[in-house]
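# curious how this folds, go ahead:
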Amino acid sequence: MTNLNKYWTLIIITFLIVIIAIGGIVFWSRYSSSRPIEISISSEQEWQGGINVSGAISSPGVYPVKAEDSLQDIIQAAGGTTNGADLSCLKIYLPQVGEEIQPQKIDLNRAEAWLLEALPGIGEVRTRAIIDYRRQNGPFHNTNDLTKVEGIGLTTYEQIATQYQNC
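Numbers count the residues shown, from 1 in each chain. Model (predicted):
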């Protein structure tokens, strides 16, 4: 091999090494900056409470939520969005301790099953009992009439009343 061939071989190898190094740096910089930032909340937190949903929502009001509920679950509990809803901008407001927020009023005589099921202590069975009671006995005359529904006692009634007075 001549000296000229040795220099060309050395130049080509050096050029390939430089190209590979630059390509590796570019690939690494793009890969590392495009990874999403992960935010984790400790699973030790067991948050339960009520959330006030308002705006372009079918049934604005306070709905019970658990830690595992998603925004979609909360919006569904509130009857879904209206036609003019802008889902690109959602607001979360946390009130100060002691700040008074108007509780949601639910018309027991017209509330649909999904809304009744959102009440604390009311599941599918008690929802069906409420609807059956309305059909058989006519409208509720006051909220205390709810205790006349089979399966709903004073404890469940107070749980519902307390839940919505605190939010």
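# sec struct for the closest residue to residue 51 other than its chain neighbours, please.
For residue 51, ignoring the flanking residues on the chain, the nearest one in space by C-beta to C-beta, 6 or more residues apart in numbering is residue 65 at 4.9 Å. All C-beta spots, glycine's among them, are computed from the backbone N, C-alpha and C. Assigned by DSSP: H, G, I helix; E, B strand; the rest coil, the conformation of residue 65 is strand.
# who does residue 65 form a beta bridge with?
For residue 65, the beta-bridge partners are residue 49 (DSSP bridges).
# my guess is it contacts residue 74, does it?
Yes - using C-beta atoms under 8 Å, residue 65 is in contact with residue 74, at 5.9 Å.
# mind listing the helices for the protein?
In chain order, the chain shows helices spanning 3-34, 71-77, 113-117, 124-137, 154-165, with DSSP state H as the criterion.
# which of those helices is buried the deepest?
Between these, helix 113-117 has the highest mean count of neighbours, a mean of 17, where neighbours are mean count of other C-beta atoms under 10 Å.
# who are the packing partners of it?
For helix 113-117, the packing partners by 3 or more C-beta pairs under 8 Å, 6 or more residues apart in numbering; DSSP states H and E come out as helix 124-137.
# tell me the centre residue of this protein?
The chain has residue 71 as the residue nearest its centroid, 2.1 Å off, counting by C-alpha atoms, centre = their mean.
# rewinding a little: nearest to residue 95, of the helices of the chain?
Each of the helices of the chain was scored for nearness to residue 95 using C-beta to C-beta, and the closest is helix 154-165 (13.7 Å).
# let me know the average pLDDT across the closest one.
On average, the pLDDT along helix 154-165 is 73.
# where does the prediction get shaky in this structure?
Residues of the chain that meet the criterion pLDDT under 70 lie in 1, 29-49, 101-105, 162-167.
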